[in-house]
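Visitor: give me a 3D structure for the following:
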Amino acid sequence: MPNRRETFRHIVQKVAGRNASALETRARQANWLAHSHPSQARKLFRIKNRLMSQLFMVEGYEPTILDCVPTVRGLLLSVQLSASWGRLHVPLDRLAPRARGYVLNPRARIFRTNKCS
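Guide: So this is what the prediction gives:
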């Protein structure tokens, strides 16, 4: 049997679950800290939003968007995490452009708009 080398793509797929779980944990921790420490909330929410943006790019472990709510600042997504089954909110405009190719849950409630993009 020949000695086959793993490709980068194969290695990324193999560790995707651990990476997604770590990103979800860090995002939940940043969210919790933001609510616990109002003086640092802006910085911590920014960290959470960056982590969520990265999480949307982990192939096979993308979170499910439950709701899309228009607010004064733009669209707010209610997101169910795939590994921990927790829920977080993230503004659509804070997601990286590559992460915006999401699929809405068919049962998602969309308020005062017909689409969420």
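Visitor: contacts only, for the spatially most central residue of the chain.
Guide: For the chain, Met52 is the residue whose C-alpha lies nearest the centre (Cα atoms, centre = their mean; 3.2 Å). Counting by Cβ atoms under 8 Å, 6 or more residues apart in numbering, Met52 touches 23, 27, 63, 79, 88, 90, 94-95. (C-beta placed from N, C-alpha, C; glycine too.)
Visitor: out of these, which sit inside helices?
Guide: Residues of these located in helices (DSSP state H): 23, 27.
Visitor: which of the contacts of Met52 are buried? Put it as a ChimeraX command.
Guide: Under the burial definition 16 or more other Cβ atoms under 10 Å, those of those that qualify are selected in ChimeraX by:
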select :23,27,63,79,88,90,94,95
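Visitor: what distance do you get for the residue lying closest to Leu92 once chain neighbours are set aside to Leu66?
Guide: Once flanking residues are discounted, Leu92 sits nearest to Leu75: 4.1 Å by Cβ to Cβ, 6 or more residues apart in numbering. Taking Cβ to Cβ, to the nearest Å as the measure, Leu75 falls 13 Å from Leu66.
Visitor: can you tell me which two in the contacts of Met52 are farthest apart?
Guide: Among those, the pair separated by the greatest distance (Cβ to Cβ) is Leu23 and Arg94, at 14.7 Å.
Visitor: give me the low-pLDDT residue ranges for this structure?
Guide: Residue ranges of the chain with pLDDT under 70: 1-2, 96-117.
Visitor: and the helices in it?
Guide: Under DSSP H, the chain gives helices at 8-36, 41-55.
Visitor: the first one vs helix 41-55, what angle?
Guide: Okay, so that is helix 8-36. Angle between the axes of helix 8-36 and helix 41-55 is 160 degrees (criterion: axes from the mean of the first three to the mean of the last three Cα atoms, to 10 degrees).
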